[in-house]
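1. Okay, here's the prediction I keep looking at, along with the sequence it came from:
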Amino acid sequence: MNNYSLTQVLINYAPFILLFAAGWFFGSRHERRHLAQLRVAEQTLSHIIVSSERFYRPKLAADSEGELVLGSVVIAQDYFKMIIARVLSLFGKNLTTYETLLDRARREAVVRMRTAAHAKGYTHVYGLRMEVTNINQLGSMVEAIAYGTAVISTDTKEKAISAPKTTV
């Protein structure tokens, strides 16, 4: 009888365990790919200097005006990682699954902002501000918005390095 009950348990819970493992695998794979794409995009757009310093003003090119540029993104958390986060929150543990979600959202928003600045020919973005908010009550989706003033600057890369900038 004991053997029969073990077989029944395996039959009942095997699909759940298999789906959980498959979801975890594909969710983690997607997250790794997204992080790799972010690294490439950040490297490609590294020539655009971004400063969160409030009073930093680069030397503007003649007849250049600043323009607001922004980047926004909505990223959903992997459902299976949410389950792990809920269990960890019961014990007061650090919720690294949410940390990676927020990190990805912030970085993607800054990349999109830099892409918008690059498309318009700007070389600097200063006064960077970021907003991050939950979309739903479960905390599984976040929206990140990065915005700042984009300008065409006469500062060279060497001069701009001494200026405060964000490292994103």
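-> Cool, the structure landed. Residues are numbered from 1 along each chain as shown.

2. Who are the packing partners of whichever helix or strand residue 72 is part of?
-> When secondary structure is defined by DSSP states H and E, residue 72 falls within strand 67-76. In terms of contacts (3 or more CB pairs under 8 Å, 6 or more residues apart in numbering; DSSP states H and E), strand 67-76 is packed against helix 96-119, strand 141-151. (Each C-beta comes from the backbone N, C-alpha and C, glycine too.)

3. switch the cut-off to 10 Å
-> helix 96-119, strand 124-134, strand 141-151 (3 or more CB pairs under 10 Å, 6 or more residues apart in numbering; DSSP states H and E).

4. Determine which stretch of these is the most buried.
-> strand 141-151 (a mean of 22; mean count of other CB atoms under 10 Å).

5. Tell me the strands beside it, with direction?
-> strand 67-76 (antiparallel), strand 124-134 (antiparallel) (DSSP bridges).

6. Now the shortest one: buried residues?
-> For strand 67-76, a neighbour-count test (16 or more other CB atoms under 10 Å) marks 69, 70, 71, 73, 75 as buried.

7. Skip ahead from the strand holding residue 72 and say which helix or strand is next.
-> Proceeding N to C from strand 67-76, the next assigned helix or strand is helix 79-90, under DSSP H and E.

8. report the angle between the axes of that following helix and helix 96-119?
-> 130 degrees (axes from the mean of the first three to the mean of the last three CA atoms, to 10 degrees).

9. where's helix 79-90 relative to the chain centroid, distance-wise?
-> A distance of 20 Å separates the C-alpha centroid of helix 79-90 from that of its chain, computed with CA atoms, centre = their mean, to the nearest Å.

10. Check stretch 29-38 too.
-> Taking CA atoms, centre = their mean, one finds stretch 29-38 lying 11 Å from the centre of the chain it belongs to.

11. For the strands paired with strand 141-151, give me a markdown table that also has distance to residue 48 and mean pLDDT.
-> As requested, the strands paired with strand 141-151 are arranged in a markdown table below (distance: least, CB to CB, whole Å; pLDDT from 0 to 100):
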| stretch | distance to residue 48 | mean pLDDT |
| --- | --- | --- |
| strand 67-76 | 10 | 93 |
| strand 124-134 | 6 | 91 |
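
12. now for those, which one comes closest to residue 91?
-> When the strands paired with strand 141-151 are ranked by distance to residue 91, counting by CB to CB, first place goes to strand 124-134 at 22.2 Å.
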